[in-house]
Every structure is written in C-alpha cells, then in structure tokens.
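Visitor: structure here, sequence nowhere to be found:
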C-alpha cells in the first residue's frame with residue numbers, strides 16, 4: 001500500500017416506509033437483502049484481492065445519510081467516497097440529494113464519483 005491506506009466498504013440497508021402485509025413478507029425481504037449484500041461483499045473482496053488490496057466490509061441498517069455519517073465519525077475516517085445518482089432538479093430541491101447531504105455533514109473530506 002503506497003499510502004498505507006485502509007479501505008472499507010459499507011452497505012446501508014434502508015429503513016423502508018411501507019408496511020408489509022405479513023410477517024412472512026418481512027422475513028422474505030430481509031433474507032433477500034442479506035443475500036444481496038453478502039454477494040456484494042464477496043464480489044468486492046475478490047476484486048480487491050485481485051489487485052493486492054485488503055478491504056473490510058460492513059453492513060448497517062438505518063437511514064443512509066445518518067447511518068453513514070455516524071459510521072464515518074465513529075471510525076475516524078479521513079475520506080468518504082460515494083457515488084452520485086442523479087435525480088430530477090425538482091426531486092433534489094424537495095428532498096435534497098444523498099451525496100449532497102453527505103458532503104455537507106460528513107466530518108471528513110468527501111469525494112463524489114459520478
């Protein structure tokens with residue numbers, strides 16, 4: 001590692017605002033998300049290992065901005081790298097963008113990749 005940097009990925013499982021009709025639906029959704037995130041972590045690990053990079057992966061449940069900011073603060077990270085997903089301007093004005101909110105509230109530098 002040229003810069004002696006450590007790499008960590010985090011997946012945030014959003015708290016959904018809809019109500020499931022049955023307990024079975026909740027279990028099925030949770031199982032599907034768990035499988036998806038496990039596959040994602042495995043793929044990231046393979047890609048990093050192929051390049052000689054070690055990576056830690058975490059999965060947390062919560063609101064994406066609040067959960068990520070708390071994770072960055074608690075971990076003492078120097079840089080947060082996030083992807084940008086564009087929405088309409090009207091959507092951005094009403095709700096604010098996740099990447100914009102992260103850039104505004106993160107306790108460290110933020111790199112937004114488009």
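Guide: Arrived safely, thanks for sending. None of these values were measured; they are calculated from a predicted model.
Visitor: past the top helix by length along the chain, which element shows up next along the chain?
Guide: Using DSSP state H, we find that the single longest helix of the chain is helix 23-50. Note on helix 23-50: by DSSP states H and E, the next helix or strand toward the C-terminus is strand 55-61.
Visitor: what's the next helix or strand after that next one packed up against?
Guide: Downstream of strand 55-61, the first helix or strand assigned by DSSP H and E is helix 64-75. With contacts defined as 3 or more CB pairs under 8 Å, 6 or more residues apart in numbering; DSSP states H and E, helix 64-75 has these neighbours: strand 7-13, strand 55-61, helix 98-105. C-beta: built from backbone N, CA, C; applies to glycine.
Visitor: now with 10 Å, please.
Guide: strand 7-13, strand 55-61, strand 79-83, helix 98-105 (3 or more CB pairs under 10 Å, 6 or more residues apart in numbering; DSSP states H and E).
Visitor: in TSV: the ones you listed, plus distance to residue 36.
Guide: Below are those laid out as TSV (distance: least, CB to CB, whole Å):
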stretch	distance to residue 36
strand 7-13	9
strand 55-61	10
strand 79-83	17
helix 98-105	19
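Visitor: compute the number of surrounding residues for residue 57.
Guide: 17 (other CB atoms under 10 Å).
Visitor: coming back round to it: possible to save the helices and strands packed on helix 64-75 as a markdown table with distance to residue 37 and mean pLDDT?
Guide: Putting the helices and strands packed on helix 64-75 into a markdown table (distance: least, CB to CB, whole Å; pLDDT from 0 to 100) gives the following:
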| stretch | distance to residue 37 | mean pLDDT |
| --- | --- | --- |
| strand 7-13 | 5 | 87 |
| strand 55-61 | 5 | 88 |
| strand 79-83 | 16 | 91 |
| helix 98-105 | 18 | 88 |
